[in-house]
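Peer 1: Predicted model follows, preceded by the sequence.
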Amino acid sequence: MIRELKDSEDLTKATKLAVLCFHEPMKSMEKLFSETQELSMFGAFKEDSLLAAAGSFKYQMFIRDRLFDCAGIAAVMTQPAERRRGYVKKLMHKIITDRHQQGYHVAALWPFDHEFYSKFGFESGEKAISYNFKPSNIKSDYKLNTKIKITDVTDMKDYLPLLQVAKNAKNKYTRIIGDVDAWLLRGELQGGFKIYLFERDDIPIAYISFKFKKAGEWEHTMQILDFAYISIQAKHSLFAFLRNFEADISKISINLPIQEEVERYLKSVDDTHKFNTWPAMFRILDVKKFLEQLNYLPSIDEELLFKVEDKIISDNSGIWKLTIKDGKCIASKMESISTDKENVLDLSINQLSQILIGHSTIEKILEHSNINIPEKWKNKDLFPEMPCSVMLWF
């Protein structure tokens, strides 16, 4: 039986299962399940025994410079003896259909196995570049303005200023922190966690979050999880702030979707990895709403046809007509078409998700398939490559 986890007894069972599956301390898992109000959990039960569970939480994310409601899927776990019996499949279908009905545009997850989650319509959406550098590598041109106040965020009262920065961020490829991250603000992640808020004249202008890696003793390594800034001057202050750790930190690591983002601030990079080893996966939950919320170039005046197959959300499946004009799109589902099939782009929900998220161009995504790309769809201004990043808060 699949049902929602509601009472304290259910959450205790989920906590014990999480400790077993994720090898995390009991205290960390207790806080996740008892204090995170936005985490909605479902479980597969046999009588009173919890065999498997999965949850989702709400956050917002910039995709192609537009803000979307995103369902973050997390805490997917199964009793070791009950694996490969279809419980996770049922839970994933339940969460995906529920979040679609609740009006979410897109879902994201951080997978242990990309092939496994592709069965549910998810596809890689990040192309994060990982940089490693020393604080001394940061150019000395950037100075920390004396009028800027920097606060170590330790209290939930500072959540709203953080949210204000994120929503007005100039770097609109980041996720926006949500209520589910509240427990992180108390600094109780294993290995240490910090958020610093930057303000000028009492106006929030930037924030940065990072953790210190821990292996027995504290290591001198800083992993930047997220940062946001409302102006280039605020961004300069972030990098000047990091340079101040020169005496204490031997290495800073950061993942970003845009290559020149960090390099222009550095004298040198110690090591660069072009591909994140654990990129997030995405899937579109509502094709119509997602397409109609995107921004389009005002110069595009096109009618396009595509067919999509979604094995979980039937509302998404079918033939669609896109009418794009004056920077807007109207997406209409069609019963039939009176045109040549060569004018219809035939896609799975996985492929459509990658195209719309901005992972790669249409031609790159489909280059190893047998799919015919109609001429109208070859316009690179339609859905240009525009990487996004959810950053790893967990």
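Peer 2: Perfect, I can see it now.
Peer 1: ok so T12 is a helix residue?
Peer 2: Yes: membership of T12 in a helix is supported by DSSP: H, G, I helix; E, B strand; the rest coil.
Peer 1: what's the neighbour count on it?
Peer 2: For T12, the neighbour count with other Cβ atoms under 10 Å is 15. (Each C-beta comes from the backbone N, C-alpha and C, glycine too.)
Peer 1: check which helix or strand covers R99.
Peer 2: Using DSSP states H and E, R99 maps to helix 87-101.
Peer 1: Show me how far that helix is from its chain's centre.
Peer 2: Going by Cα atoms, centre = their mean, to the nearest Å, the spacing between the C-alpha centre of helix 87-101 and its chain's C-alpha centre is 18 Å.
Peer 1: which outside residues touch stretch 301-309?
Peer 2: Where contact means Cβ atoms under 8 Å, 6 or more residues apart in numbering, the residues beyond stretch 301-309 that reach it are 287, 316-325, 334, 337, 339, 343-349, 352, 374, 376-377, 379, 382.
Peer 1: Could you identify the longest strand within the protein?
Peer 2: When the chain is scanned for its longest strand (criterion: DSSP state E), the result is strand 49-63.
Peer 1: list the buried ones in that strand?
Peer 2: 50-63 (16 or more other Cβ atoms under 10 Å).
Peer 1: swap in stretch 124-142?
Peer 2: If you call a residue buried by 16+ other Cβ under 10 Å, then stretch 124-142 has these buried ones: 124-131, 133-135, 137-138, 142.
Peer 1: got it, and stretch 93-104?
Peer 2: Along stretch 93-104, the positions that meet the burial threshold by neighbour count (16+ other Cβ under 10 Å) are K94, I95, I96, R99, H100, Y104.
Peer 1: Of those residues, which is the nearest to Y196?
Peer 2: If you rank these by distance to Y196 using Cβ to Cβ, Y104 comes first, at 30.8 Å.
Peer 1: SS state for that closest one?
Peer 2: For Y104, the reduced secondary structure class is coil; criterion used: three-state DSSP.
Peer 1: got it, and I371?
Peer 2: coil.
Peer 1: Dump the buried residues of stretch 93-104 to a markdown table, plus pLDDT.
Peer 2: As requested, these are arranged in a markdown table below (pLDDT from 0 to 100):
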| residue | pLDDT |
| --- | --- |
| K94 | 97 |
| I95 | 97 |
| I96 | 97 |
| R99 | 95 |
| H100 | 97 |
| Y104 | 94 |
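Peer 1: Show me which pair in these is furthest apart.
Peer 2: When the buried residues of stretch 93-104 are compared pair by pair using Cβ to Cβ, the maximum separation belongs to K94 and Y104, at 13.9 Å.
Peer 1: on that earlier part again, closest one of the buried residues of stretch 93-104 to I195?
Peer 2: For those, the nearest to I195 is Y104 (26.0 Å; Cβ to Cβ).
Peer 1: Next, the angle from the helix or strand containing S353 to strand 49-63.
Peer 2: In the assignment (DSSP H and E), S353 maps to helix 349-357. Counting by axes from the mean of the first three to the mean of the last three Cα atoms, to 10 degrees, helix 349-357 lies at 30 degrees to strand 49-63.
Peer 1: Ignoring the adjacent residues along the chain, who's closest to D152?
Peer 2: Once flanking residues are discounted, D152 sits nearest to Y196: 6.0 Å by Cβ to Cβ, 6 or more residues apart in numbering.
Peer 1: swap that for K149, sorry
Peer 2: Take K149 and drop its neighbours on the chain: the residue closest to it by Cβ to Cβ, 6+ apart is E199, 4.7 Å away.
Peer 1: Helices of the stretch 251-394 of the chain, start to end?
Peer 2: Listed in chain order, the helices found in the stretch 251-394 of the chain under DSSP state H, counting those that start in this stretch are 260-263, 287-293, 349-357, 362-366.
Peer 1: what sits up against the longest one?
Peer 2: So the one you mean is helix 349-357. When contacts are defined by Cβ under 8 Å, 6+ apart, helix 349-357 is touched by residues 63, 106, 118, 121-125, 282-284, 287, 290-291, 294, 306, 308-311, 313, 316, 347, 360, 362, 365-366, 369, 371, 383, 388.
Peer 1: Which ChimeraX command selects the buried ones in those residues?
Peer 2: Only the buried members of the contacts of helix 349-357 enter the following ChimeraX selection, criterion being 16+ other Cβ under 10 Å:
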select :63,106,118,121,122,123,124,125,282,283,284,287,290,291,294,306,308,310,313,316,347,360,362,365,366,383,388
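Peer 1: rewinding a little: figure out which of the helices of the stretch 251-394 of the chain is closest to R83.
Peer 2: Each of the helices of the stretch 251-394 of the chain was checked against R83 via Cβ to Cβ, and the shortest separation belongs to helix 349-357, namely 23.7 Å.
Peer 1: Off-centre distance for the closest one?
Peer 2: Taking mean C-alpha positions (Cα atoms, centre = their mean), helix 349-357 and its chain are 15 Å apart.
Peer 1: for that helix, which positions count as buried?
Peer 2: If you call a residue buried by 16+ other Cβ under 10 Å, then helix 349-357 has these buried ones: I349, N350, Q351, L352, S353, Q354, I355, L356, I357.
Peer 1: Sort these by pLDDT and name the bottom one.
Peer 2: Across the buried residues of helix 349-357, no position has a lower pLDDT than I357, which has 89.
Peer 1: And that residue, how far from N343?
Peer 2: Spatial separation of I357 from N343 under the definition Cβ to Cβ, to the nearest Å is 24 Å.
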